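Engineer: Next comes the sequence, and after it the predicted model I'd like to discuss.
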Amino acid sequence: MSGAGQYSAFADAAIFEAVRTPWVDLGGALSHVSPIDLGIKVGREVLARAGIDPQAVDSVLAGSMAQASFDAYLLPRHIGLYSGVAQSVPALGVQRICATGFELLRQAAEQLRDEVQLALCVAAESMSRNPIAAYTHRGGFRLGGEVQFKDFLWEALYDPAPGLDMIATADNLARRYGLSRETVDRYACDSHQRALQAQREGAWAEEIVPVDNQVFELDGYQPRRLTLAHRAAAVTEDSHPRPTDLDALARLRAVHADGVQTAGNSCAVVDGAASALVGRASDCTRPALARLVASAVVGVDPAFMGIGPAPAIRLLLHRSGLRLDEIGRVEINEAQAAQVLAVAQELELDSARLNVQGGSLALGHPLAASGLRLVMTLARQLRRHNLRYGIAAACVGGGQGMAMLIENPAWRA
């Protein structure tokens with residue numbers, strides 16, 4: 001289907017294991033940690049949990065959006081090396097903004113068609129270490145001239161093509177789909193309550209790796225250090241989920257005067273990393289976490305970028321031959337409440353199957369890492385409830401949508 005998006009089907013790809021760090025609020029305990037060190041932490045842990053020798057890895061794929069350390073160019077390579085992967089194994093940087101985690105899995109599954117048998121996928125994001133940047137001063141400062149430094153994290157939320165920030169694109173969807181402020185606030189409140197309940201019930205515990213102060217050694221090379229901020233000894237759970245109610249959300253001022261989006265019904269800004277080990281399902285010696293069935297990615301109008309998951313999911317279902325009612329759970333990244341609700345309305349999606357443990361409004365959205373989090377959360381839900389298929393999806397700044405179809409290998413009819 002030329003011009004309608006890209007669809008990839010995978011015949012024998014599986015996620016052997018997947019883990020993540022806690023998602024920690026901007027300026028919190030992870031705020032001093034390079035995304036490389038966060039990536040090494042989860043890379044080492046996913047291999048240990050899978051019981052696989054790092055020397056068996058054939059490919060390293062890693063993603064991170066902002067250049068959050070001076071050695072950022074080396075992120076994929078250093079994550080691989082310090083995770084114990086053989087020196088001869090190449091590493092590749094991957095970037096599809098909010099869908100980077102999905103893209104890592106897609107590329108890993110594609111590599112399995114060739115000589116790769118095992119791929120280490122890592123996504124790490126330090127929103128706290130996004131720089132205050134200047135792009136026009138390499139030649140120095142002219143006397144009396146303009147000196148321009150800007151907050152990279154803030155400026156990255158603006159898309160100059162439509163002349164809108166990401167919040168404004170969600171407000172556009174609210175107007176198009178008739179979503180009121182009360183409706184989006186109610187969804188945000190539900191997301192927080194679901195996430196808090198999931199946290200109390202230990203639903204996140206299996207996927208979370210506690211993070212403490214440690215040193216990563218590599219024979220013949222300089223050690224790397226992971227040092228938590230604020231003299232923290234360890235971080236064990238997501239920091240952002242918190243009790244809230246509709247009255248508290250209603251008191252928050254909208255970002256744009258004519259809009260519905262506020263700080264309370266938009267995704268939290270957090271730091272974190274996630275990792276997945278991808279190999280051939282036929283080679284897995286113990287039950288895999290999930291089988292990767294297919295992926296789909298599409299382009300949409302940048303002014304309405306948040307609707308991207310809807311056409312991506314439609315393409316995924318059309319090409320895979322499945323119906324939406326055959327999908328047991330759907331995880332859609334909660335960039336903004338209006339954005340998720342617009343997608344749900346467009347697809348006529350049953351809310352009882354959508355983000356049942358809450359989402360990024362409550363947990364946070366560390367850009368590159370969110371896709372991996374969505375998939376591992378989804379996979380464990382399918383396994384816990386004996387459901388066969390699940391879809392994880394996200395909108396992408398600039399006007400894209402991406403979706404992943406996974407299957408529970410332990411499903412029994």
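Structural biologist: Right, received. Where do you want to start?
Engineer: how about residue 38, what does it touch?
Structural biologist: By CB atoms under 8 Å, 6 or more residues apart in numbering, the residues touching residue 38 are 21, 30, 124, 125, 126, 211, 226, 271, 272, 273. No exception for glycine: its C-beta is placed from N, CA and C like everyone else's.
Engineer: list the helices and strands the host helix or strand of residue 392 packs on?
Structural biologist: Residue 392 belongs to strand 389-396 when assigned by DSSP states H and E. Packed against strand 389-396, as judged by 3 or more CB pairs under 8 Å, 6 or more residues apart in numbering; DSSP states H and E, are the following elements: helix 309-320, strand 327-332, helix 337-347, helix 370-385, strand 400-407.
Engineer: if you set the cut-off to 10 Å instead, what comes out?
Structural biologist: Using 3 or more CB pairs under 10 Å, 6 or more residues apart in numbering; DSSP states H and E, the elements in contact with strand 389-396 are helix 100-111, helix 166-176, strand 290-299, helix 309-320, strand 327-332, helix 337-347, helix 370-385, strand 400-407.
Engineer: Let's see the fourth one as PDB, backbone CA atoms only.
Structural biologist: As requested, the backbone C-alpha atoms of helix 309-320 are provided in PDB (Å, rounded to 0.1, in the frame of the first residue of the first chain):
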ATOM      1  CA  PRO A 309      -1.700   5.600  16.800                       C
ATOM      2  CA  ALA A 310      -5.100   5.300  15.200                       C
ATOM      3  CA  PRO A 311      -4.000   4.800  11.600                       C
ATOM      4  CA  ALA A 312      -1.000   2.800  12.800                       C
ATOM      5  CA  ILE A 313      -3.200   0.400  14.600                       C
ATOM      6  CA  ARG A 314      -5.600   0.200  11.700                       C
ATOM      7  CA  LEU A 315      -2.800  -0.700   9.400                       C
ATOM      8  CA  LEU A 316      -1.500  -3.300  11.800                       C
ATOM      9  CA  LEU A 317      -4.900  -4.900  12.100                       C
ATOM     10  CA  HIS A 318      -5.600  -4.800   8.400                       C
ATOM     11  CA  ARG A 319      -2.300  -6.400   7.400                       C
ATOM     12  CA  SER A 320      -2.300  -9.000  10.200                       C
END
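Engineer: residues touching the residue nearest the centre of the chain, list them.
Structural biologist: Note on the chain: the residue nearest the mean C-alpha position is residue 370, at 1.1 Å, using CA atoms, centre = their mean. For residue 370, the contact set (CB atoms under 10 Å, 6 or more residues apart in numbering) comprises 20, 23, 97-102, 123, 125, 267, 270, 272, 274, 331, 333-335, 359-360, 363-364, 392, 394.
Engineer: hmm, try it at 7 Å
Structural biologist: Contact analysis of residue 370 by CB atoms under 7 Å, 6 or more residues apart in numbering lists 98, 101, 333, 360, 394.
Engineer: Who wins on neighbours among these?
Structural biologist: In terms of neighbour count, residue 101 stands highest of the contacts of residue 370 at 36 neighbours, by other CB atoms under 10 Å.
Engineer: The nearest residue to that one once chain neighbours are set aside: what's it in contact with?
Structural biologist: Spatial nearest neighbour of residue 101, chain neighbours left out: residue 371 (2.3 Å); criterion: CB to CB, 6 or more residues apart in numbering. Residue 371 is in contact with 99, 100, 101, 102, 394, counting by CB under 7 Å, 6+ apart.
Engineer: Now for the contacts of residue 370: which two are most distant?
Structural biologist: Pairwise distances across those peak at 12.2 Å for 101 and 360 (criterion: CB to CB).
Engineer: got the end-to-end distance for stretch 50-69?
Structural biologist: Start-to-end span of stretch 50-69 (CA to CA, to the nearest Å) is 29 Å.
Engineer: So which of the contacts of residue 371 is the closest to residue 316?
Structural biologist: Closest to residue 316 out of the contacts of residue 371 is residue 102 (11.1 Å), distances taken as CB to CB.
Engineer: Farthest pair within the contacts of residue 371?
Structural biologist: Spanning the widest gap among those are 100 and 394, at 9.3 Å by CB to CB.
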